[in-house]
Every structure is written in structure tokens, then in C-alpha cells.
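Q: Pasted the sequence and its predicted model underneath.
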Protein chains: 2
Amino acid sequence: MVVHTISDEQVDLLFHALADATRRDIVRRAIDGEHSVSELATGYAMSFAAVQKHVAVLERAGLVTKTRRGRERLVRTDIATINHASRLLDQFEELWRVRANTMSEILAQDPGEVT
Amino acid sequence: MVVHTISDEQVDLLFHALADATRRDIVRRAIDGEHSVSELATGYAMSFAAVQKHVAVLERAGLVTKTRRGRERLVRTDIATINHASRLLDQFEELWRVRANTMSEILAQDPGEVT
DNA sequence: CTAAAGTACAACCAAATGGTTGTACATACG
DNA sequence: CGTATGTACAACCATTTGGTTGTACTTTAG
């Protein structure tokens, strides 16, 4: 199995992009694709340019891609990146599991062995 | 099953806290507990106060807790918060799965039904 | 008691963030 | 053709962020 390593800077971009409610909402809406930037912009209490910037942040993080259709750009979520973020967090839980195992091994030791 | 809902602001804090390599490293090191703030500070190319601030960001996000031991504060990772973040991302994948199912239903439709 | 260690917190600073408006350009529509 | 739509991007601004140093307080060690 090929482990797709990612740089710290990419992880920074990824979690930073997710640290904003508007951007998370854009990701949700773009999961079913077919949303132009101006379509996305309607519904947020901010300018078109502001939404454009949010999409750019998501794009740099690899969370969405933009494809051209005539004069509009369709925004689509890259679910693989979401999956990658989720697995990064799973690694922390794996560390925790290892530690928990070590603890139960310690607790399972014969009392006489405890120093 | 009780679903522990969380505010957008808390999710912002959570992902923002994870969007920094130093902070992610602190979380990793604090998984096995028993690390005072000054212990954590050794090894980073920054001042003690800077590390203190990083720990404060993690604490506000609920990613670590601090307990007192004499004059030091022991930092410990709250793995439940990591787990919570991971499940938040799973929700996006769930949306994706629903969409994928809908798509395969569409593709499975009798050609005559396609409008 | 005194000194050192560990922490907390304020003040300060440069850079990044998240918003705005304005301008320019490409494409679709009548 | 000319006009409206969709986008890109620059310039600007207030606030936040991530770092610094300095000071004060508590607790341990000698």
C-alpha cells in the first residue's frame, strides 16, 4: 500500500481552510458539484469577491477544484482531501491507542514487578 | 445515542488549532501526558511564551487540558476532541456517499425514464 | 530565608486574514 | 454589433495571529 505523504505546509493549508464556517459550507454545497462561484456567492452576507477568496483558499488546500464551463467556473469538492484530513486525525488516535495499550500492560504487570 | 452537537465557533477553534505544525506536534507529545509547558518548550525554536500561547490555543479548542503539579502545569491531550474532529469530516464523506448513491441510481435508471 | 524554576500575563510588532471597492477582461445574449 | 454576466485581480483597511521581551507571582530547592 502506497502511503501518500503530505508536507506540514499542506496540512496547515488543509486545516486552515476548514477553520471557517463559510468555507465548510462551500465544501458541503460543492459536494454535489455544478455550482458556479456566483451561485455559491448568493446566500452569504458578503461580496462576490469575498466568496471568491474563500474558494481560492479551498483550492490552495486541495479541497475543491474549479472547472470551466463557458464564462463560469464550476466548483467541485475533492472528497479525497477530506478523507485525507480525517485519516490524519486517525493517526493521533492510533498514538493514543498505543499508549492505552502500554498502560494496560503496565496495569497487568505482577505487583511485585512494579518499581 | 446522544449526539454531542458543537457550535460553528467551536469547530473554527478546533480546526484553527490544528492548522499549525508546532501545535500538532504538541498534541502528539501530550498524548502520553506528563509534559510540563517548559518541557514542551524545549525543542522548539521559539520562546517559552510563544509555546505557552500555542498551548493556550489548544486549550481553548478543547484539544488539551492542563493540570497542576506543584509549580508546573502538565499538558495532556483530550483524544475525544480529536475523535470529534475526525467524525466531523466523516460527515462530509457521508454527504458524498449519498450523492454517489444518487448518481448510481440515476445511472441505473431505465434509459426510457431519462428525461 | 534566599535563589532558582515554572508559569502567567501585558505590551509591543510584523505579517497574515478576511473583508471591502474598483477595474479589466472574456463570454453569452438579444 | 453592444450589453449584461461571470470571473480575476489589485488596492486598501481593520483585526487577528504568531512571535518577541519584560515583569510579577508561586513553588521548590538549598
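A: It's in.
Q: Please report how far residue A:66 lies from residue A:74.
A: Going from residue A:66 to residue A:74 by CB to CB, to the nearest Å gives 7 Å. Just so you know, the C-beta spots here come from the backbone N, C-alpha and C atoms, and that holds for glycine as well.
Q: ok but residue A:96 is inside a strand, no?
A: No: under DSSP: H, G, I helix; E, B strand; the rest coil, residue A:96 sits outside any strand and is assigned helix.
Q: give the contact list for it.
A: B:31, B:77, B:79, B:82 (CB atoms under 8 Å, 6 or more residues apart in numbering or on different chains).
Q: from those, which would you call buried?
A: With neighbours counted using 16 or more other CB atoms under 10 Å in any protein chain shown, the contacts of residue A:96 contain these buried positions: B:31, B:77, B:79, B:82.
Q: so where's chain A uncertain?
A: A:3-4, A:103-115 (pLDDT under 70).
Q: And the strands in it?
A: For chain A, the strands defined by DSSP state E occupy A:35-36, A:64-69, A:72-77.
Q: Next one: the closest residue to residue A:18 other than its chain neighbours from DNA strand D, what distance?
A: Using CB to CB, 6 or more residues apart in numbering or on different chains and skipping the chain neighbours, the partner closest in space to residue A:18 is residue B:15 (4.3 Å). The gap separating residue B:15 from DNA strand D is 11 Å, by CB to the nearest atom of the strand, to the nearest Å.
Q: Thought residue A:23 was touching residue B:15, still the case?
A: No: Residue B:15 lies out of contact with residue A:23 (CB atoms under 8 Å); the separation is 9.7 Å.
Q: List the contacts of stretch A:58-77.
A: Contacts of stretch A:58-77 (CB under 8 Å, 6+ apart): A:10, A:13-14, A:16-18, A:23, A:26-28, A:30-31, A:33-38, A:40, A:55, A:78, A:81-82, B:92, B:96.
Q: Next: stretch A:1-10.
A: By CB under 8 Å, 6+ apart, stretch A:1-10 touches A:14, A:61, A:62, A:84, A:88, B:21.
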